[in-house]
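> fold the following.
(one chain, ligands or ions: 1)
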Amino acid sequence: MSDGVNPTDRFTLSEDRDYDAWDPSPADSAAKDPSTKPLAPGLYLVATPIGNLEDITLRALRVLRSVDRIACEDTRQTAKLLSHFGITTPTISYHAHNESSRATELIEALKAGGRIAIVSDAGMPGISDPGATIAAEAIAAGVTVYPIPGANAALSALIASGLPAESFTFHGFLPSKEGQRRSVMEALRARPTEHTTTAIFYETPHRIIDALADIVTIFGAHQRIVIARELTKLHEEFLRGEAFVVLATLRARPSIRGEIVLLLDGTPSDAAAGPSLADEVETLMKSEGLSEKDALKSVAKSRGIGKSEAYREWQRSKR
Ligand code: SAM
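Here you go, the predicted model:
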């Protein structure tokens, strides 16, 4: 193998790290059937679906069935998942507001040989969700921590974005306050080495327009971006293109709903200097079917200038 991984080491079926490699021969796989093997003591960080319930792994289901307790960000949310899969393991809450007191209690149980799973409402615990603190405390207490991989919104968005995926930075949620949000973007813009990688953010539907308007101001109207909305769900959608076009598309909608991942292309582009206002108006008329007047209004808004100023510049650039 070019990556130096022995193919027989690649797939195993147990939490025990010294467990034999998987062998698909029927006699052997029955003997090694992990469902017949008790789960090792430790802390299990279990990824759950981000929408589509089929995106849970067989291993995650087995771990959730076998642990003593499941610590959940929201027990009611996790109850729906557990009931769908017929899992009856007891749950307790573990969220931002009781993280440290609950962690102490859970670490004691783990030190006594317990098996505890941590799940968030969706995706990977610890990724813009509770999980990292208890993992660090468990490690400090000498408890084994097992990642149980699965769905994650940032990576799912990245791989289907069409943007370079070799190097990327994940920034979690953009700050809700405008000043802080702009500072994050300006810092990203000012760091050329970082901005040559794809940047990934989580954003809420009610702030996405403001965030895109800031991108247009800070990175330029022609910054290539991708919006990944409602991943793995019925209304999954990708909007890929220049920031000002995506902004106009979303602005034209009566409402914006669902969960969103926002990605910024980090590839240096000649377009960064930006085409003329007239080019932008024409692009919006073609891509969004806007009238000349509405396209001009939208461009003026995304450039942060008045309508009459935009009109004058439009006339000039048309000459
Ligand atoms: N732990 C999760 C993960 O591994 O992706 C992230 C949890 S964070 C509290 C929730 C945010 O993740 C949402 O506001 C949204 O930005 C993003 N997200 C979660 N599910 C998503 C989905 N199905 N489609 C798009 N974005 C999603």
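
> please count neighbours and contacts with C-alpha atoms only from this point.
OK.

> now do the same for Lys80: helix, strand or coil?
Here Lys80 is helix, with the state taken from DSSP: H, G, I helix; E, B strand; the rest coil.

> tell me which stretches of this structure form helices.
7-10, 26-31, 58-66, 75-84, 99-111, 132-140, 153-161, 178-190, 192-195, 208-219, 243-251, 277-288, 292-303, 307-318 (DSSP state H).

> for those, give me JSON lines that also has mean neighbour count and distance to the ligand.
Converted to JSON lines, the helices of the chain look like this (neighbours: other Cα atoms under 10 Å; distance: least, Cα to the nearest ligand atom, whole Å):
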{"stretch": "helix 7-10", "mean neighbour count": "10", "distance to the ligand": "24"}
{"stretch": "helix 26-31", "mean neighbour count": "11", "distance to the ligand": "32"}
{"stretch": "helix 58-66", "mean neighbour count": "18", "distance to the ligand": "14"}
{"stretch": "helix 75-84", "mean neighbour count": "15", "distance to the ligand": "13"}
{"stretch": "helix 99-111", "mean neighbour count": "16", "distance to the ligand": "15"}
{"stretch": "helix 132-140", "mean neighbour count": "16", "distance to the ligand": "11"}
{"stretch": "helix 153-161", "mean neighbour count": "18", "distance to the ligand": "4"}
{"stretch": "helix 178-190", "mean neighbour count": "15", "distance to the ligand": "15"}
{"stretch": "helix 192-195", "mean neighbour count": "14", "distance to the ligand": "20"}
{"stretch": "helix 208-219", "mean neighbour count": "20", "distance to the ligand": "10"}
{"stretch": "helix 243-251", "mean neighbour count": "22", "distance to the ligand": "16"}
{"stretch": "helix 277-288", "mean neighbour count": "18", "distance to the ligand": "23"}
{"stretch": "helix 292-303", "mean neighbour count": "19", "distance to the ligand": "23"}
{"stretch": "helix 307-318", "mean neighbour count": "14", "distance to the ligand": "33"}
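
> out of these, the one nearest Val226 is which?
Ranking these by proximity to Val226 (Cα to Cα) places helix 153-161 first, at 6.3 Å.

> for the closest one, packing partners?
Judged by 3 or more Cα pairs under 8 Å, 6 or more residues apart in numbering; DSSP states H and E, helix 153-161 is in contact with strand 198-203, strand 224-229, strand 260-264.

> residues making contact with it?
The contact list for helix 153-161 (Cα atoms under 8 Å, 6 or more residues apart in numbering) reads 50, 123, 165, 170, 200-202, 226, 228, 231, 238, 240, 261, 263.
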